[in-house]
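[1] With the sequence up front, the predicted model follows.
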Amino acid sequence: METFLIVAGLILLSIVFMYNTLISKKNQVENIFAGLDAILKKRYDLLPNLVASVKEYMVHERITLEKITELRTKALGENLDNATKIALEKQFSSMLGNLMVAVENYPTLKANENFLHLQGTLNELEEQISAARRAYNQSVTDYNNAIEMFPTNFMANLMKLERKEVFSVPSSERANVDVKNLFKN
Amino acid sequence: MKTNLASLMDYYYDSMYPSLKVLEEKRLRTLFTLKKAALILCGIAVLLFLFLSQNAFFKPLHAALISAILAFLAFMFVYRHESAGYGMLFKDQVIEKIIHFLDPSLSYDKNNSVSEHEYQQSELFLESYDRFSGNDLIYGKIEGVDVRFCDLHVEKKIRTKNGQEEWSDIFKGLFFRADFNKNFHSKVVILPDIAERNLGVLGSWIQGMNIQRGELIKLDHMEFEKFFVVYGSDQIESRYILSHTLMEHIVQFRKKIDKPLYLSFIDSQLFLALHYNKPLFEPILSRSLLEFDYIKDYFELLVMITSIVTEFKLNEKLWSKR
């Protein structure tokens, strides 16, 4: 009788432990995504200022500027789920990257004080976004590990927890970075 | 900042050599004094032994031991006194000159150290200590970055199994502090990794349990993770500070010095600690000052320390810190 109680007690404890671990990892993912979201918002908020200062110079990029403003409005919309937010962010990053490359064609703009200040702030935000992305990916990996590794995978199945996607940098964006370096020479 | 050995050699022969010759004489005199003292004390020890063994109260073995120990203590006293005198002169004539050659804007204070506040602020070693001492403080700007570093020795008293009290080292070696080129509010502490390397995933789990240190930060750089375990108070900001490039620089530096390395980022400052078994800027009495090879070692040590600024690119300011 006693051994049965002890064994049952241990099993109960492990169940509690596994449940709490999974919840904690799931919440950590949400927590870090919130941090990432906050930094992305800072970047989105920078856009009107950026558009205003380049509009007069970048006469050939009017369409790009309109598109990117539209994207921003969409991204700041209410009740978007995480996957949509990430998808929009990837599009936005890609367009912004293209825009910053196009700046190379407008030497007067490149020398503009206001623009340089904005560019500096944008670069710093990029560093912060990169850090947030890495933190998010680590938390997602920890979460995925927990729901797929033994023994917590049984618990995860019962809780109906699903794998999450890491935030990958699209290959097109990587190509943009290379072009930027070309211009720097 | 000059790091060229060839120009050091020129400086050594042109500017340092004359005063080195004078100091070398002092060194030889010191060595001679010590040899004389050793001989005299040996003689006294023998006499003491003979005297004591005459006395029936002392067994010959005890008499020998007592004489030997007394003579040895007396010698240590003379040694400390003589080598301290020579050491001070060495620091003035050699170390100060090498620092001036390396970068004339750097200041050297041989008797001072970083403050206890700075040591505590770094959060590198959390143990409470009983003795805090240091010297050879060097401070100033390197490539526009404020730096301060010194030779530090921090100890605590422990009780051995016999009930005796002993001094135990918490940290002994180089303590370095510099302005970091990013602004941040949280803390990151980077310690040498022992558990993860030996125990793999289990080690990682154990490291996660260290409550004193805050959250475990798992980073996405394999070599860095192998050398270090990182604790921080904010997952995102820790990665903002530890970019891939900086992690790469730290790994390269760690490989170069081949010693356990401790780092922390607190209050927009970088703190760094390296264990050294012997003092950094003390002379070796038995080595001649007129050998360039010997003097060059001190120069190379200083270059290694000051290059931390350029190796970790601390001189490349971010937009917001300009």
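    Structure's in. What do you need?
[2] ok and the residue in chain A nearest chain B?
    As assessed by CB to the nearest CB, chain B sits closest to A:Gly120 within chain A, at 3.3 Å. Glycine gets a C-beta too; all of them are placed from N, C-alpha and C.
[3] Helix or strand next in line after the host helix or strand of that residue, which one?
    Assigned by DSSP states H and E, A:Gly120 belongs to helix A:113-148. Downstream of helix A:113-148, the next assigned helix or strand under DSSP H and E is helix A:152-158.
[4] Packing partners of that following helix?
    Helices and strands touching helix A:152-158, by 3 or more CB pairs under 8 Å, 6 or more residues apart in numbering or on different chains; DSSP states H and E, are helix A:2-55, helix A:113-148.
[5] Pull out the buried positions in it.
    By 16 or more other CB atoms under 10 Å in any protein chain shown, the buried positions in helix A:152-158 come out as A:Thr152, A:Asn153, A:Met155, A:Ala156.
[6] among the residues you listed, which two are most distant?
    Among those, the pair separated by the greatest distance (CB to CB) is A:Asn153 and A:Met155, at 7.3 Å.
[7] Would you mind listing the residues touching both of those two?
    Both A:Asn153 and A:Met155 lack any common contacting residue under the criterion CB atoms under 8 Å, 6 or more residues apart in numbering or on different chains.
[8] what does chain A have sitting close to chain B?
    Applying CB under 8 Å from any CB of the partner chain, one finds that chain A approaches chain B through A:32, A:35-36, A:39, A:120-121, A:123-124, A:127-128, A:130-132, A:134-135, A:137-139, A:142.
[9] got the end-to-end distance for stretch A:103-117?
    End-to-end span of stretch A:103-117 (CA to CA, to the nearest Å): 14 Å.
[10] Then stretch B:272-280?
    15 Å.
[11] and for it, what are the contacting residues?
    With contacts defined as CB under 8 Å, 6+ apart, stretch B:272-280 is touched by B:122, B:124-125, B:136, B:151-152, B:171-178, B:257, B:259-263, B:301, B:308.
[12] same thing but 6 Å
    B:Leu124, B:Asp151, B:Gly173, B:Leu174, B:Phe175, B:Phe176, B:Lys259, B:Pro260, B:Tyr262, B:Leu263 (CB atoms under 6 Å, 6 or more residues apart in numbering or on different chains).
[13] Nearest to chain A among those residues?
    Of those, the one sitting nearest to chain A (CB to the nearest CB) turns out to be B:Leu263, at 17.5 Å.
[14] Nearest residue to the middle of the chain?
    All of this is about chain A. Centroid-nearest residue in chain A: A:Arg133, 5.0 Å away (criterion: CA atoms, centre = their mean).
[15] excluding its backbone neighbours, what's nearest that residue?
    A:Phe167 (5.0 Å; CB to CB, 6 or more residues apart in numbering or on different chains).
[16] Where does the prediction get shaky in the chain?
    You didn't say which chain, so I picked chain A. For chain A, residues meeting the criterion pLDDT under 70 lie at A:169-185.
[17] My question was about chain B, not that one.
    Using pLDDT under 70, chain B drops low at B:1-2, B:56, B:58, B:195-211, B:318-322.
[18] what ranges do the strands span in it?
    Listed in chain order, the strands of chain B (DSSP state E) span B:107-109, B:131-142, B:145-159, B:165-179, B:188-192, B:215-217, B:228-232, B:261-266, B:269-275.
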